[in-house]
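Participant: Generate coordinates for the sequence data below:
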Amino acid sequence: MNQDYTLDISWGTIFKITAVFLGFYLLYQVRDILVLIFLASILSVLFDPVINFLQRRKIPRLISTFFVYVSIFGIFGLFIYYLSPVFISEIQKFNQLFPQYFEKLSPILRGMGMEAFENFETFTKAFQEWLLRASSSIFGVIISIFGGIFSALTIFALSVFISLEEKGIEQGLKVLLPKKYEADFLDLWERCQIKTVAWFGSRLLCCFFVGVLSYFTLWLFNVNYAFSLGLFAGMMEIIPIFGPILAGILITIIAGLDSWLKALFVLIAFTLIQQIEGTILTPILTKKLIGLPPVFVLIALMMGGKLWGILGAILAIPLAGIIYEFLKDFLEKKEEIQ
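Facilitator: The predicted structure is shown next:
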């Protein structure tokens, strides 16, 4: 026997469905702004422990916030101002010596089947053709650069305003969380925030350690471009496993352009620096902190860089630390229940 079914949808249900679709549509339209706010929130997370520490010392939050931001970015600005001439000088020196390097490397590269390195004129012609092809998108590159600068300034400005609001992120989380999970979630948030900031700071110290020691090592062995290579080695330290390997290969090749014996000593010294950092410095700094798996850091760097550029790659690491701490806490509680 056939039965007829009638689907009765009230106007209230239609209104709710429409409101949900409209909400998702509005979020999609302002997605770029939401990304900027999200990155600004991550940046404020990195600075909040220091601001809270100063506030507990009876320093008003407004003064504490501006002191922290001005100090950090002021130091970064002075670093660029005083060291950029050295960097530019080494680039100019590289341009002058490039024909000599080409003569030394071209036989090896020709043996690898790279026709552009047949002679210096062929290489120059190939490079000019590449520049002509790249020039078609020069306006896109300029727009991208200025857009990136504007986005970075916007993120920094937003992060200042977020930091000015005491426990602003926590207040936002309270609105979204069910009441029964609020206390546990906020306690976990505070713990993972402190641990993640400490871990990120320890990685920066390791980068500084490797960069400075690499510079002095290269300077001691009279290797060209000691500052640029030391800076590169320090920056690559943030990338686990592959970063130090790439830095070591580049440094060894540059040193080998002068002398392969010098390259051997530089490689040994750089390996020793990495051993000190990996077996002594890192365990001391991260003894009670989050030990992010290298694959987790690599995924965060790639995803952050792909979605939001260099700044996104940097801020993706503390975000990965927060996510990792939440997952670890969830799995630990799940094991306790079982």
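Participant: tally of neighbours for residue 241?
Facilitator: When neighbours are defined as other CB atoms under 10 Å, residue 241 has 11 of them. No exception for glycine: its C-beta is placed from N, CA and C like everyone else's.
Participant: One more: the one 5 residues further on?
Facilitator: Here the count is done by other CB under 10 Å, and residue 246 has 14 residues near it.
Participant: cool, residue 51 as well?
Facilitator: Residues lying near residue 51 (other CB under 10 Å) number 22.
Participant: what does residue 317 give?
Facilitator: Neighbour tally, residue 317, other CB under 10 Å: 21.
Participant: Nearest residue to it in space, please, no chain neighbours.
Facilitator: Of all residues not flanking residue 317 in the chain, residue 300 sits nearest, at 5.4 Å (CB to CB, 6 or more residues apart in numbering).
Participant: Show the backbone phi and psi for the one you found.
Facilitator: The phi and psi values for residue 300, taken as degrees, to the nearest 10, are phi -60, psi -40.
Participant: if I pick it, what's in contact with it?
Facilitator: 313, 316, 317, 319, 320 (CB atoms under 8 Å, 6 or more residues apart in numbering).
Participant: Now secondary structure, pLDDT and distance to residue 31 too, for these, in JSON lines please.
Facilitator: Formatted as JSON lines, the contacts of residue 300 follow (DSSP: H, G, I helix; E, B strand; the rest coil; pLDDT from 0 to 100; distance: CB to CB, whole Å):
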{"residue": "313", "secondary structure": "helix", "pLDDT": "71", "distance to residue 31": "19"}
{"residue": "316", "secondary structure": "helix", "pLDDT": "74", "distance to residue 31": "17"}
{"residue": "317", "secondary structure": "helix", "pLDDT": "73", "distance to residue 31": "22"}
{"residue": "319", "secondary structure": "helix", "pLDDT": "74", "distance to residue 31": "17"}
{"residue": "320", "secondary structure": "helix", "pLDDT": "76", "distance to residue 31": "21"}
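Participant: need these in JSON lines with distance to residue 209, can you?
Facilitator: Rendered in JSON lines, the data for the contacts of residue 300 read as follows (distance: CB to CB, whole Å):
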{"residue": "313", "distance to residue 209": "21"}
{"residue": "316", "distance to residue 209": "23"}
{"residue": "317", "distance to residue 209": "18"}
{"residue": "319", "distance to residue 209": "24"}
{"residue": "320", "distance to residue 209": "22"}
